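Undergrad: my questions concern the predicted model and sequence given below.
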Amino acid sequence: MLDTAKPGELDNAKSMSIIVTKGTLDWAYPPFILATTAAAMDINVTMFFTFYGLPLLNRKLDLKISTLGNPAMQMPIMGMHMAMPNLVSAIPGVDRLTTTMMKNLIKKKGVASIEELREAAVDLEIRMIGCQMTMDLFEFNKEDMIDGIEIGGAATYMETAVKSDINLYI
């Protein structure tokens, strides 16, 4: 049977939670794209930022890409797709180069920046929770984080997750 539901009329998906665990430029996109899309479809969204995902809530972002351990990474160069072998990451400056290349590609293709997606998440009233344990562990201060976030632990997240129709771990 074909699903003919229009956005905002979904009966089987009313809430979604996402655990955000990674904070590189490339890994920041999936949770923010999924969260803002779901919220735009009238789905209540909660994002729980923990470990390396927590810095995505910092007021000032300096996101980078790492080629290390990412064999699927291919950059469009001169009409081809060039893979970045792990050995390349040992060369000084390569991560900064690939980050610059990615940011230029994002801008050239008109893709929203993480800052823009994060602002959209705030505007869409997505509940964003910073992990208290991670803040304590890595000595982050709430004053360094964007306005409007909550601070809570795993139990705070679990209270939402057990009631959510969709749970994602990214």
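TA: Thanks, I have the structure now. Numbering: from 1, shown residues only.

Undergrad: and the spatially most central residue of the chain, what does it touch?
TA: Residue closest to the average C-alpha location in the chain (Cα atoms, centre = their mean): Ala28, at 3.1 Å. The neighbours of Ala28, taking Cβ atoms under 8 Å, 6 or more residues apart in numbering as the test, are Lys22, Leu56, Leu63, Ile114. To be clear about C-beta, it is placed using only N, CA and C from the backbone, and glycine gets the same treatment.

Undergrad: quickly check these for the two that are furthest apart.
TA: Lys22 and Ile114 (12.1 Å; Cβ to Cβ).

Undergrad: looking at those two, which one has more neighbours?
TA: Ile114 (18 against 14; other Cβ atoms under 10 Å).

Undergrad: can you give me the strands in the protein?
TA: 15-20, 44-49, 74-77, 80-83, 127-131, 150-152, 166-169 (DSSP state E).

Undergrad: out of these, the one nearest Gly93 is which?
TA: strand 74-77 (15.4 Å).

Undergrad: any idea of the mean pLDDT in that closest one?
TA: Averaging pLDDT along strand 74-77 gives 68.

Undergrad: export stretch 142-154 to CSV, keeping only CA atoms.
TA: What follows is stretch 142-154, C-alpha atoms only, in CSV (Å, rounded to 0.1, in the frame of the first residue of the first chain):
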residue,chain,number,x,y,z
LYS,A,142,27.6,25.7,30.0
GLU,A,143,28.5,29.4,29.4
ASP,A,144,30.5,28.2,26.4
MET,A,145,27.4,26.5,24.9
ILE,A,146,24.7,28.0,22.8
ASP,A,147,21.6,29.4,24.6
GLY,A,148,18.5,27.2,25.1
ILE,A,149,20.1,23.8,25.7
GLU,A,150,19.5,21.6,28.6
ILE,A,151,22.1,19.8,30.6
GLY,A,152,21.3,16.3,31.7
GLY,A,153,22.5,12.8,32.0
ALA,A,154,21.7,9.4,30.5
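
Undergrad: check the offset of that stretch from the chain's centre.
TA: 16 Å (Cα atoms, centre = their mean, to the nearest Å).

Undergrad: for the record, mean pLDDT for that stretch?
TA: Stretch 142-154 comes out at a mean pLDDT of 95.

Undergrad: which parts of it are buried?
TA: Buried positions in stretch 142-154, judged by neighbour count with 16 or more other Cβ atoms under 10 Å: Met145, Ile146, Ile149, Gly152, Gly153.

Undergrad: now the nearest residue to the first one once chain neighbours are set aside: how far from Thr100?
TA: With Cβ to Cβ, 6 or more residues apart in numbering as the measure, Leu57 is the residue that lies nearest to Met145, at 4.6 Å, once sequence neighbours are left out. Per Cβ to Cβ, to the nearest Å, Leu57 is found 24 Å from Thr100.
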